[in-house]
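In: below: sequence and its predicted model.
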Amino acid sequence: MASTLPSNLGALPEIILNGEERVIKSKALLGTAILAGALVMAAAPATAATTLRDGAAAKGRVFGAAVAANHLGEQAYAATLDREFNQATPENEMKWDTTEPSRGSFNFGPGDQIVSHANAHGMVVRGHTLVWHSQLPGWVSGAGDLLTVMRNHIAGVAGHYKGKVRYWDVVNEAFDDNGQGTRRNTIFQQKIGSSYIEEAFRAARAADPGAKLCYNDYNTDGQNAKSNGVFNMVRDFKARGVPIDCVGFQAHLGANQVPGDMQANLQRFANLGVDVHITELDIAGSGTQQANDYSKVIRACLAVSRCTVMTTWGVTDKYSWRSGSTPLLFDGNYNKKPAYTAVLSALG
């Protein structure tokens, strides 16, 4: 608040007291009150964020979690999710084996449940995933016209959720771990060829023009052969106008395994003109070590202006796919771990 007085104070009316006309020098009195108020406001400290979602929002980001529909009925699970996170990623409910178990027969019930819950609690939704070589129903690999099958699947699923999903992991884990940065030899690679990723993104854009379209993978958090392969693909897509908006870095990490060049790696992708997201974050360990690792990842993201999404792969260690590694921010009893405090501190 400015410390100068409003210029119209000289227009204050005269006030008549006890039958005598006395001009009350209200300008000085009101000025004192305004200045006192300004001092009180200046002295009041900024309110610190007390939840992950508020801390992220203050930085212009979202902080999400992978969500399982069958746990939403558990009070502690739902309460923690609703209080702390403002983005929901269905763990399995939008994967191919659930959404299209037989050709042309779609099942959206579990996914709809998560979308409805997210909408009711102020969360955006990340769709996961339209094309992945895993969790495929058997009929897909036996289809002779796989490109048509893939396009129809994307049209059906992304079309159903049009306007309800902010981000889509369009293609998931398409690069190999062979140290050469080459494509994984999936059924899509075999039957359609290398163009299948591009075709998937074009189909997703047609199905939902408003959603942000992402490529998602693991072991790409630092610069290596695999992330180089993804980088080259994204650069080619951007040069040729293939509709890609973001790249997801899963960040399934072991103790003390946060790449030292993670921030630089995120930044080089951002420099291509895409947003970068931490999509499936979980870090093995406990105590100070785990807290420090989480802090490194969050700070690396915050240092890159286009790193706009941070998501843990689950809410609680109780249901983590890596439960033996206790990799999440809440323990099996939904208590906040030191890693939680470290993340909140990193968010400011």
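Out: All right, it came through fine.
In: ok, the helix or strand harbouring residue 248: who's next to it in the sheet?
Out: Per DSSP states H and E: residue 248 is located in strand 246-249. Next to strand 246-249 in the sheet, as set by DSSP bridges, lie strand 212-217 (parallel), strand 275-283 (parallel).
In: so whatever helix or strand comes next after the longest one versus strand 275-283, what angle?
Out: I take that to be strand 275-283. Toward the C-terminus, strand 275-283 is succeeded by helix 287-302 as the next helix or strand (DSSP H and E). Relative orientation of helix 287-302 and strand 275-283, computed by axes from the mean of the first three to the mean of the last three Cα atoms, to 10 degrees: 170 degrees.
In: in helix 287-302, what counts as buried?
Out: 290-302 (16 or more other Cβ atoms under 10 Å). All C-beta spots, glycine's among them, are computed from the backbone N, C-alpha and C.
In: quick one, helices of the stretch 151-300 of the chain?
Out: With DSSP state H, counting those that start in this stretch as the criterion, the stretch 151-300 of the chain has helices at 187-191, 196-207, 225-240, 262-270, 287-302.
In: quick one: secondary structure of the spatially most central residue of the chain?
Out: Nearest to the geometric centre of the chain sits residue 309, at 3.3 Å (Cα atoms, centre = their mean). Under DSSP: H, G, I helix; E, B strand; the rest coil, the three-state class of residue 309 is strand.
In: hmm, back to that, check the offset of the strand holding residue 248 from the chain's centre.
Out: Chain-centre distance of strand 246-249: 10 Å, with Cα atoms, centre = their mean, to the nearest Å.
In: alpha carbons of it, as PDB, please.
Out: Extracted C-alpha coordinates of strand 246-249, given in PDB (Å, rounded to 0.1, in the frame of the first residue of the first chain):
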ATOM      1  CA  CYS A 246       4.900 -31.800 -23.200                       C
ATOM      2  CA  VAL A 247       7.400 -34.500 -22.100                       C
ATOM      3  CA  GLY A 248       6.900 -36.600 -18.900                       C
ATOM      4  CA  PHE A 249       9.900 -37.700 -16.800                       C
END
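In: model confidence over it, on average?
Out: Strand 246-249 shows a mean pLDDT of 99.
In: could you do stretch 169-180 as well?
Out: 97.
In: tally of neighbours for residue 254?
Out: If you count neighbours by other Cβ atoms under 10 Å, residue 254 ends up with 13.
In: distance of residue 215 from residue 146?
Out: With distances taken as Cβ to Cβ, to the nearest Å, residue 215 is found 19 Å from residue 146.
In: between these two, tell me which one has more neighbours.
Out: Taking other Cβ under 10 Å, residue 215 and residue 146 do not tie; residue 215 has more neighbours (26 against 17).
In: circling back: I'd say the residue nearest to the centre of the chain and residue 64 touch.
Out: Yes: Residue 309 is in contact with residue 64 according to Cβ atoms under 8 Å; the separation is 6.7 Å.
In: what is in contact with the two at once?
Out: Common neighbours of residue 309 and residue 64, counting by Cβ atoms under 8 Å, 6 or more residues apart in numbering, are 87, 126.
In: so who does residue 290 touch?
Out: 255, 283, 284, 326, 327, 337, 338, 339.
In: burial check on the closest residue to the fourth one other than its chain neighbours, number of neighbours?
Out: Spelled out, that is residue 326. Sequence neighbours aside, residue 317 is the residue nearest to residue 326 in space, at 4.8 Å (criterion: Cβ to Cβ, 6 or more residues apart in numbering). A total of 23 residues lie near residue 317 under the criterion other Cβ under 10 Å.
In: same question, the one 3 residues further on
Out: Other residues near residue 320 number 20, with proximity taken as other Cβ under 10 Å.
In: returning to that earlier point: can you flag the buried ones in the contacts of residue 290?
Out: Buried members of those, counted by 16+ other Cβ under 10 Å: 283, 284, 326, 327, 337, 338, 339.
In: of all those residues, which two lie farthest apart?
Out: 284 and 338 (14.2 Å; Cβ to Cβ).
In: for residue 102, give me phi and psi.
Out: Main-chain torsions, residue 102, degrees, to the nearest 10: phi -130, psi 150.
In: outline the domain layout of this protein.
Out: Under the assignment automatic domain parsing, the domains of the chain span 7-43, 52-346.
In: pick out the shakiest of the ones you listed, pLDDT-wise.
Out: Set side by side, these give their lowest mean pLDDT on domain 7-43, at a mean of 36.
In: residues in contact with the spatially closest residue to residue 173 that is not a sequence neighbour?
Out: Nearest non-adjacent residue to residue 173, counting by Cβ to Cβ, 6+ apart: residue 217, 5.3 Å away. Residues near residue 217 by Cβ under 8 Å, 6+ apart: 172, 173, 174, 175, 226, 230, 248, 249, 250.
In: and which of these is nearest residue 191?
Out: residue 174 (13.9 Å).
In: gap between that closest one and residue 75?
Out: Taking Cβ to Cβ as the measure, residue 174 falls 39 Å from residue 75.
In: more crowded one of those two?
Out: Higher neighbour count among residue 174 and residue 75: residue 174, with 23 against 9, using other Cβ under 10 Å.
In: pretty sure the more buried one contacts residue 185?
Out: No: judged on Cβ under 8 Å, residue 174 makes no contact with residue 185 at a distance of 10.3 Å.
In: surely residue 272 meets residue 238?
Out: Yes: using Cβ under 8 Å, residue 272 makes contact with residue 238 at a distance of 5.5 Å.
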